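J.: structure here, sequence nowhere to be found:
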């Protein structure tokens, strides 16, 4: 069966038809000025949340305007999530603006790819610092606010929700990307440990594990028919994921509909973690 070629997004749900699951809540989404983070931020707004849009480069005004077009408040805050002082300042500014926070989506991440023997320490440290340490710093700041405030029964049965952005590469090895795969594997165990520690305080911690998603970070994997066909050999569902696929799942996981979901990664990957190379018996 030949793969579906891009674009393939016409059958995805329209956010405008989604229930307002997050009314009265405020979400902070890191790395939210493009790609998956942008889609998550807009999805949160369409579900009724006010949204803090974190970014580190470029601008975030377009995303804030999209949030405001949904009738919600948006606030852009520039901060490098790998820097402790900038994370602390970001959370202080967000809480001062909105009174509190209810949801963290720790999405900011990057790649610095190289073969092991040519990978520099700087390439290793940059990826670990942003992808893993950045999520730790943001989760710590969010948990402190959730613990200080407790449950706001008028908006949620949980005191707070932390959604880590993992990857299928927390379980699928990825040669030539050892720093990235290691960071995502670390996120999985960090998420589970945080979930175990914070659950008694009614703070839920979960992760989303995207597979192949159409974003600027992986343009070379889907921008030509040949590249797209190669990519589809890894995706049993035979389509690339769209950023709004992740946004839909993030809204669900942040909502009380997912209140008994804690300490797990939900893979959104079209079946990539089914190891399609073994579909014919290996």
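T.: Ah, there it is. The shown structure was predicted, so the numbers you read here are calculated from the model rather than taken from an experiment.

J.: pretty sure residue 160 contacts residue 100?
T.: No: assessed by C-beta atoms under 8 Å, residue 160 is found out of contact with residue 100, at 9.1 Å. The way it works is simple: take the backbone N, C-alpha and C, and place the C-beta from them, glycine included.

J.: which residues are in contact with both of the two?
T.: 145, 149 (C-beta atoms under 8 Å, 6 or more residues apart in numbering).

J.: of these two, who's got more company?
T.: Counting neighbours by other C-beta atoms under 10 Å for residue 160 and for residue 100 shows that residue 160 has the greater number, 28 against 15.

J.: this structure: strands as residue ranges?
T.: All strands of the chain, identified by DSSP state E, fall at 26-29, 50-55, 74-78, 103-106, 160-165, 203-210, 265-268.

J.: can you add mean pLDDT and give the ones you listed back as CSV?
T.: Converted to CSV, the strands of the chain look like this (pLDDT from 0 to 100):
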stretch, mean pLDDT
strand 26-29, 98
strand 50-55, 98
strand 74-78, 98
strand 103-106, 98
strand 160-165, 98
strand 203-210, 98
strand 265-268, 98
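
J.: of all those strands, which one comes closest to residue 195?
T.: Closest approach to residue 195 among the strands of the chain is made by strand 203-210 (4.0 Å; C-beta to C-beta).

J.: looking at this structure, which helix is longest?
T.: Counting residues, the longest helix found in the chain (DSSP state H) is helix 178-198.

J.: which one of the strands of the chain lies closest to residue 154?
T.: strand 26-29 (13.4 Å).

J.: contacts only, for residue 147.
T.: Contacts of residue 147 by C-beta under 8 Å, 6+ apart are 159, 201, 203.

J.: quick one: it from residue 267, how far?
T.: With the distance defined as C-beta to C-beta, to the nearest Å, residue 147 ends up 29 Å from residue 267.

J.: same question, residue 124
T.: 25 Å.
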